[in-house]
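**Q** Next one to model:
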Amino acid sequence: MTIKWVKSDPLVMNGEPFCYGTRLTVRNLLEMRRNGLTPAAMLAENPELRRVGIAEAFLFAGTERARYAEFFAPDGSLLGPGFPPAEAAELPGYLRTAAGLVLSAGDAVPEPARR
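**A** All right, here's what the predicted structure looks like:
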């Protein structure tokens, strides 16, 4: 089963895009990030969240920049702390390449070890 991590439904959360399996909107996660919460802190406070869901929400915001403009720095990165490189290395590849969105701006992610 493929999970769509960010969903939008006019009958749920007034149509605001939200994270799968939660009552947290993309805007909620961006506000937490802008206020200094790391993804690990978000997970600790909201156990229903998943690491990949948070990363997908950040990536979704990058595709909807006009909607979430107040959460972006002048350089195009999201404000606040992203995933540290060690945690980002555990995310799927397409999420690891979204530097400035999933990661903090300028962070490099090491390639995962091959088995």
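**Q** Can you check the pLDDT for the closest residue to residue 46 other than its chain neighbours?
**A** Leaving aside its sequence neighbours, residue 46 sits nearest to residue 24 (CB to CB, 6 or more residues apart in numbering; 6.3 Å). No exception for glycine: its C-beta is placed from N, CA and C like everyone else's. pLDDT, residue 24: 95.
**Q** give the contact list for residue 24.
**A** 18, 46, 48-49 (CB atoms under 8 Å, 6 or more residues apart in numbering).
**Q** Could you rerun that using 7 Å?
**A** With contact taken as CB atoms under 7 Å, 6 or more residues apart in numbering, residue 24 is in contact with 18, 46, 49.
**Q** Residue 80 now?
**A** So residue 80 contacts 33-36 (CB under 7 Å, 6+ apart).
**Q** Against residue 60, how distant is it?
**A** From residue 80 across to residue 60, the span is 16 Å (CB to CB, to the nearest Å).
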